[in-house]
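Fold the stuff below for me.
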Amino acid sequence: MINAIKKIGIHEMFPENYLQNLAFGAVCKLSPKLCELAISLVADSDTSPLNHERVGVFMGHYPSGSSFRGFEHFG
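Residues are numbered from 1 along each chain as shown. Below you'll find the model as predicted:
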């Protein structure tokens with residue numbers, strides 16, 4: 001699997017998408033509770049430690065991507 005991904009030329013997993021980040025940020029500023037729900041689905045269900053004023057900023061950078069080499073290393 002790793003060799004196939006290398007041959008295809010994939011270097012980044014979950015790359016940053018400007019429009020997606022803009023949309024997440026805007027929706028989260030309008031409805032922070034909706035974004036807290038989204039965060040609880042991918043992280044911890046206890047959102048009390050979150051800085052609720054910054055949820056829009058956090059989700060505006062989600063997903064931020066990672067190098068395939070990092071995934072390969074941890075795999």
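
residue ranges of the strands in this structure, please?
Along the chain, the stretches classed as strands by DSSP state E are 12-13, 66-67.

Give me the helices and strands touching the top helix by length along the chain, please.
Counting residues, the longest helix found in the chain (DSSP state H) is helix 18-30. Contacts defined by 3 or more CB pairs under 8 Å, 6 or more residues apart in numbering; DSSP states H and E place helix 18-30 against helix 32-42, helix 55-59. For glycine as for every other residue, the C-beta is placed from the backbone atoms N, C-alpha and C.

can you do 6 Å?
helix 55-59 (3 or more CB pairs under 6 Å, 6 or more residues apart in numbering; DSSP states H and E).

Tell me which residues are up against the helix it packs on.
By CB atoms under 6 Å, 6 or more residues apart in numbering, the residues outside helix 55-59 that reach it are Phe24, Gly25, Cys28, Lys29, Pro32, Cys35.

Try it again at 10 Å.
Residues outside helix 55-59 that contact it (CB atoms under 10 Å, 6 or more residues apart in numbering) are 21, 23-36, 38-39, 47, 50-51.

So for it, mean pLDDT?
The pLDDT scores in helix 55-59 average 73.

Tell me the gap between it and the middle of its chain.
Mean C-alpha position of helix 55-59 versus that of the full chain (CA atoms, centre = their mean, to the nearest Å) differs by 10 Å.

Check which residues of stretch 55-65 are buried.
Val55, Gly56, Met59, Gly60, Tyr62 (16 or more other CB atoms under 10 Å).

out of the residues you listed, which one sits closest to Lys7?
Tyr62 (29.3 Å; CB to CB).

Look up phi and psi at Leu50.
phi -70, psi 150 (degrees, to the nearest 10).

Tell me how many other residues surround it.
Leu50 has 17 neighbours, counted by other CB atoms under 10 Å.

that older thread, show me which of the buried residues of stretch 55-65 is closest to Met13.
Tyr62 (13.8 Å).

Could you check how far Phe74 is from Asn51?
Counting by CB to CB, to the nearest Å, the separation of Phe74 from Asn51 is 28 Å.

In CSV: the buried residues of stretch 55-65, plus distance to Glu16.
CSV is the format used below for the buried residues of stretch 55-65 (distance: CB to CB, whole Å):
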residue, distance to Glu16
Val55, 19
Gly56, 17
Met59, 13
Gly60, 11
Tyr62, 10
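
Nice, that's everything, thank you.
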